[in-house]
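S.K.: Quick one, structure for this:
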Amino acid sequence: MTTQTLAIVPTDSHPKIHRFARWMGLTLGIIISVWLISLMLSPWYRLGINGTDSLPGVLYLVLKTEMPKNRGDLVAFYPPENRFYPKGMFFIKKAMGMPGDKVTRKGRDFYINDEYIATAKTRSRSGKPLRPGPAGVIPNGYYFVWTPHPDSYDSRYEDIGWIPEDRVIGRAVRLF
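M.R.: Residues are numbered from 1 along each chain as shown. Got it, this is the predicted structure:
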């Protein structure tokens, strides 16, 4: 009499899903690791993740040694403390007003050097009142920051205002 042993071989009923999950976990782990390393170790650059739809793209490289030189350059900066975002969070916006530019406000419409930029809203999406930001000649060492999104929280509002150079992290470049 012979005895036969049956081996139970586990089968993966969803191999594509498990392969995708492993790939996503590995990819996210690499992205988070690179981001943390860039935060801690690099005096020259930093990665920024865009969590809103105010600008196209998701991942930005911030060049810490470069300041915006041209109108429209992307700039990463720490906004003043405000009621909508936590302290320590940084923004990426376009530097639309440079030192010496003239910001004019007609009602809630903003102009830079007599060119229409955007209109400031009266209330946030959550219904909180929003006051318009400053007008006049932008002093040396300050920028008017903006994005074209209608809900962008930028220099059109008093809470943000003009951004001084000491709050600027650097010029930003979209990666993807």
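
S.K.: for the closest residue to P148 other than its chain neighbours, what are its contacts?
M.R.: Spatial nearest neighbour of P148, chain neighbours left out: A118 (7.1 Å); criterion: C-beta to C-beta, 6 or more residues apart in numbering. Just so you know, the C-beta spots here come from the backbone N, C-alpha and C atoms, and that holds for glycine as well. Neighbouring residues of A118 by C-beta atoms under 8 Å, 6 or more residues apart in numbering: 109-110, 146, 148, 150, 152, 156.

S.K.: Mind telling me what element A118 is part of?
M.R.: Element membership of A118 [criterion: DSSP states H and E] is strand 115-119.

S.K.: Report the mean per-residue pLDDT for the helix or strand immediately after that strand in the chain.
M.R.: Next along the chain after strand 115-119, taking DSSP H and E as the criterion, comes strand 136-137. The pLDDT scores in strand 136-137 average 98.

S.K.: Determine the set of other helices and strands touching strand 136-137.
M.R.: On a contact count with 3 or more C-beta pairs under 8 Å, 6 or more residues apart in numbering; DSSP states H and E, strand 136-137 meets strand 102-106.

S.K.: list the buried ones in the strand it packs on?
M.R.: V103 (16 or more other C-beta atoms under 10 Å).
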